[in-house]
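**Q** Sequence and predicted structure, then a few things I'm wondering about:
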Amino acid sequence: MSVAPAVRYQGTIHELQKELMTRYYGELTDIAEGRSDAKNAHLLIAGNPVEILRAFDILPVYPEVNALQLAVRKVSLPLIQKAEEFGYATDNCAYVKADIGLFHAGGVAPFGTVPKADLLLCNYVGCNVYLNWFEHLAELTGSPAVNIDIPFIRTQGGEPTADDIRYVVAQLEELIALLERITGKRLDREKLRRTVDLSAQAGELWAKIKDLTKQRPAPYDAYFDSVTMMAPLYCLRGTEECVSFFQTAYAEMSAKVARGEGPLAQERFRIVIEGPPPWPFLRAFRDLFTRWGAVAVASTYSTVGGLWEFGFRHDPAKPLESIARHMLAENLCNRTMLQRYDQIQRYARDWNADALVIHSVKSCRLFSAGQGDMREHFVHDLDLPTLLIESDLEDPRYFSHAQLRNRIDAFFEALEQRRVTAAADAADAAGVAS
Amino acid sequence: MTGWEQYRDVIEDREFPTVRDWRERTGGKVIGCFPVYAPVELPYALGMLPVGIFGGGNRIELAHADSRFQSFICSIVKSTLELGFIGKLDLFDGLLFHSICDPARNLASVMQRNFAERPAIYVHLPQNMTSPSVVPWFASELRRVGEALGAVAGRPIRDVDMARAIGAYEVVRGLLRHLYALRTEAPERISTAELYTLARLVTLMDPAESAPILRDAIERSQQRQERPKDRIRVVLVGSFCEQPPLELIESLESAGCYLVDDDFLQGWRWARRAVAGGGDPYEALARAYVEDSVHLSTKHDLRRPRAQALIESVKSSRADAVIFLGAKFCEPGLFDYALYRRALEEHGIPHLFLEFEEKMWLYDRVRGEVETFVESMLFTEATA
Ligand code: SF4
Ligand code: SF4
């Protein structure tokens, strides 16, 4: 086997992202520590109405992003264990447990302090755990809470119904009335149109960036580097800063394409990765693929909070309708497993992938429940080499490095073998023909 | 006896004898309903029989489904898929799934892919109970599902049939409420194993046919003369979806508990009172679900926290303790446990946490735990 040397995965966007996120967490900490009287609302990543919050100058707080940051900094385990002492089960989503643990620790994290919510805004988009999570936060914190009910995609055509759109728009109007009461000011509709327009611009750039990985070599890893870009996409969407981050990112990635540069010295395998990453061991996990020169050219995880690569854009002319559409149909979480199969198939075809890697995480059943069926479908119906591996996105106890390495090595060895055999067959065929 | 013993086997039989019998007699179609709550009135209004599907119980070995759903997914999801693989769902013309949890939702997709010939219709249950739009929207959802079922039945649903279907299910729900009240009042007159079997029968029969059985059970239990035993009164929660084996319920009782409230098969007896008649039947059903249903673990009503409802249930049923009997890997149940525990501790109500799997054979350990719990409570009572 031939493995690539160790790589540093840094670039301008990584530095810029760190800077932006430090500033964002600084703003949250200022509220938590009483230096700012800005309002904040806690909400979830999957399709959400952050544009409305931004139009009210309300700061969005994402417990999921906080949880993943805790895992990346390797401090999630004691918090998870704290929650388990309070009665949470080993089988509950560890994002929730880390967040509940963080609440009991006064919200103080290594990257900042999480303020008490002025509003717990549960955008129920696909994941049922969201409902439990925010219900628990409401009980613990006493903050006012509201659920926005997003009907799941469930029609033959894979589209929301007209009633669904009306229902969501009505709930968004009710949310606006509630925010007007909380902030004591009227919504500036013009400002809402502007934030929606900023989301549209960020979406456009993100879609163009995603398109670049169709190139050989792909200029960046659409799993491991996408997560770097996802943080500003979610935490800062609807702001100028977000748009300018994506302008920089697009320029950097396009320049790489022009230079024929990828994230690794050599791109040997193009893969699609399905499922969230193991945050506590992100680097070690990435190295397991880098050794084989495997680069993700597309990933489903990068669409949890929005699917822009297939054409969706927010529309400033119809702000609420387009926010509703984003929440209902244009994100992975609110779409069916079968729509996800189609999405992966499209990636494999249009982004020219050699294989699918399914990272099955115990915490997140939204992603994982039924991934065995997914493997079955891709291997047997579509003849796409598929690897299914298991660990967790937050709980370090479920990450077995040696086991993962064995499985990944065996998979790429077989893939390499398949290539050699295919090349030999092609040569034979050419020999026969000549 | 309420004659319930004869149904013991019927409720666990995955050949669905009562359903086959109904089908042979009527020639009607059959719709399988995954828990927790299904709008059973819709298929019934179309002349089809809605039937509760509760996985494989402890009769089915998983041979295919465990390669599709991982080890950390609850059993009912896998065993329901297995029923499909081994042909036990051939009897069904369509299936209803609902947005109760992430695994059940994904199961609907997996079912649809593997058994494309049998429609898997997905119902989104609303979760914003305070929105003025929720009732009209849910009514529109019920209408949509009615249309999808109409395609299976081969005819459209009529409002008058809908109203009649609501009435038919209202009768059995009313009778179940009566039986539940009877048990709370005098649990020595009707055991939970008995009540459970009868309630389960409701999920497997035409309501017109199960109602006389329930009426008969009410009459017989009212006449029964039984001296109360020295048992503690317990509210049981956590078994709202996957169901424990009947033998496990019997073990809890024989270990010294009178169950005076529970959430078994809760979605089949969801209405707290009769669904208001008149007007648009879809709207009536939607309103009753949003405004007047019992506290389902899969319905998130921010106006009425479930932990508070549990405490109220303990008080109103004069229970001494709570047993949380949760299905292994059932995430909504396990989340609720954390809140229940907090509230129970705050109110000084003793509780016991137990987990079960539908496919369980040995009850000695659970029984031992319950006995110890009961003894400690009776001892505390005696020395207090
Ligand atoms: S189950 Fe998945 S989507 Fe839901 S909160 Fe947990 S990690 Fe997020
Ligand atoms: S037992 Fe729990 S996790 Fe399993 S399908 Fe039912 S509600 Fe979902």
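**A** Sure, I can see it. Ligands and ions are numbered 1, 2, ... in the order given.
**Q** for residue 144, what are its contacts?
**A** Let's take chain A. Contacts for residue A:144 were tallied using CB atoms under 8 Å, 6 or more residues apart in numbering or on different chains; they are A:118-120, A:138, A:182. C-beta coordinates here come from the backbone N, C-alpha and C atoms, glycine included.
**Q** Please refer instead to chain B.
**A** Taking CB under 8 Å, 6+ apart, we find residue B:144 in contact with A:155, A:161, A:163.
**Q** quick one: which of these sit in helices?
**A** residue A:163 (DSSP state H).
**Q** ok, so of the contacts of residue B:144, who is nearest chain B?
**A** Distance to chain B, by CB to the nearest CB, is smallest for residue A:163 among the contacts of residue B:144, at 4.1 Å.
**Q** Using the three-state scheme, assign the closest residue to that closest one other than its chain neighbours.
**A** Among residues not flanking residue A:163 along the chain, residue B:140 sits closest, at 4.1 Å (CB to CB, 6 or more residues apart in numbering or on different chains). Assigned with DSSP: H, G, I helix; E, B strand; the rest coil, residue B:140 falls in the helix class.
**Q** Then residue A:123?
**A** Under the three-state scheme (three-state DSSP), residue A:123 adopts strand.
**Q** Surely it touches residue A:328?
**A** No - look at residue A:123 against residue A:328 with CB atoms under 8 Å: they stay out of range, at 10.9 Å.
**Q** any shared contact partners between the two?
**A** Counting by CB under 8 Å, 6+ apart, the residues touching both residue A:123 and residue A:328 are A:47, A:150.
**Q** quick one: which of the two has more around it?
**A** residue A:123 (27 against 23; other CB atoms under 10 Å in any protein chain shown).
**Q** in chain A, which spans are strands?
**A** Under the criterion DSSP state E, strands of chain A are mapped to A:40-42, A:59-61, A:108-109, A:112-113, A:119-124, A:145-149, A:269-274, A:294-299, A:355-361, A:386-391.
**Q** Now do the fourth one: everything it contacts.
**A** In this case it means strand A:112-113. A:25-26, A:28-29, A:32-33, A:106-107.
**Q** Of those - the most surrounded one?
**A** residue A:28 (24 neighbours).
**Q** Can you name the residues that contact that residue?
**A** Contacts of residue A:28 by CB under 8 Å, 6+ apart are A:40, A:59, A:61, A:112-115.
**Q** so which of those comes closest to residue A:237?
**A** residue A:59 (12.6 Å; CB to CB).
**Q** For the closest residue to that closest one other than its chain neighbours, give me the pLDDT.
**A** Leaving out its chain neighbours, the residue that sits closest to residue A:59 by CB to CB, 6+ apart is residue A:40, at 4.4 Å. Per-residue confidence (pLDDT) for residue A:40: 98.
**Q** and residue A:40, how far is that from chain B?
**A** For residue A:40, the distance to chain B (CB to the nearest CB, to the nearest Å) stands at 19 Å.
**Q** which residues of the chain score low on pLDDT?
**A** This is for chain A. Applying pLDDT under 70 to chain A flags residues A:1-10, A:432-434.
**Q** if you could check chain B rather than the one you did, that'd help
**A** Ranges of chain B meeting pLDDT under 70: B:1-2, B:382, B:384.
**Q** residue ranges for the strands of it, please.
**A** B:30-33, B:49-52, B:94-98, B:120-123, B:232-237, B:257-261, B:321-327, B:351-356.
**Q** Distance check, the residue nearest to residue B:283 when sequence neighbours are not counted against residue A:89.
**A** Spatial nearest neighbour of residue B:283, chain neighbours left out: residue B:139 (4.4 Å); criterion: CB to CB, 6+ apart. To residue A:89, residue B:139 is 36 Å away according to CB to CB, to the nearest Å.
**Q** so where do the helices sit in the stretch 101-250 of chain A?
**A** For the stretch 101-250 of chain A, the helices defined by DSSP state H, counting those that start in this stretch cover A:129-141, A:162-183, A:189-212, A:226-235, A:240-259.
**Q** right, and those helices - which one's nearest residue B:311?
**A** Using CB to CB, the helices of the stretch 101-250 of chain A put helix A:129-141 closest to residue B:311, at 13.1 Å.
**Q** In the chain, which helix is the longest?
**A** No chain in the question, so chain A it is. helix A:401-433.
**Q** was after chain B, sorry
**A** Chain B, longest helix under DSSP H: helix B:159-185.
**Q** which parts of that one are buried?
**A** For helix B:159-185, the neighbour count (16 or more other CB atoms under 10 Å in any protein chain shown) marks B:161-163, B:165-166, B:168-177, B:179-180, B:182-184 as buried.
**Q** I'd guessed residue B:170 sits against residue B:275; true?
**A** Yes - the criterion here is CB under 8 Å, and residue B:170 meets it with residue B:275 at 6.0 Å.
**Q** Quick check, central residue of chain B?
**A** residue B:265 (1.4 Å; CA atoms, centre = their mean).
**Q** In contact with that residue, which residues?
**A** B:35, B:52, B:196, B:199-200, B:202-203, B:243.
**Q** Adding neighbour count, write those residues out as TSV.
**A** As requested, those are exported to TSV (neighbours: other CB atoms under 10 Å in any protein chain shown):
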residue	neighbour count
B:35	25
B:52	21
B:196	22
B:199	25
B:200	22
B:202	24
B:203	23
B:243	25
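**Q** Out of these, which are close to ligand 2?
**A** With the criterion set as CB under 6 Å from any ligand atom, no member of those is near ligand 2.
**Q** ok, which pair from those is furthest apart?
**A** Most distant of the contacts of residue B:265, by CB to CB, are B:35 and B:196, 14.2 Å apart.
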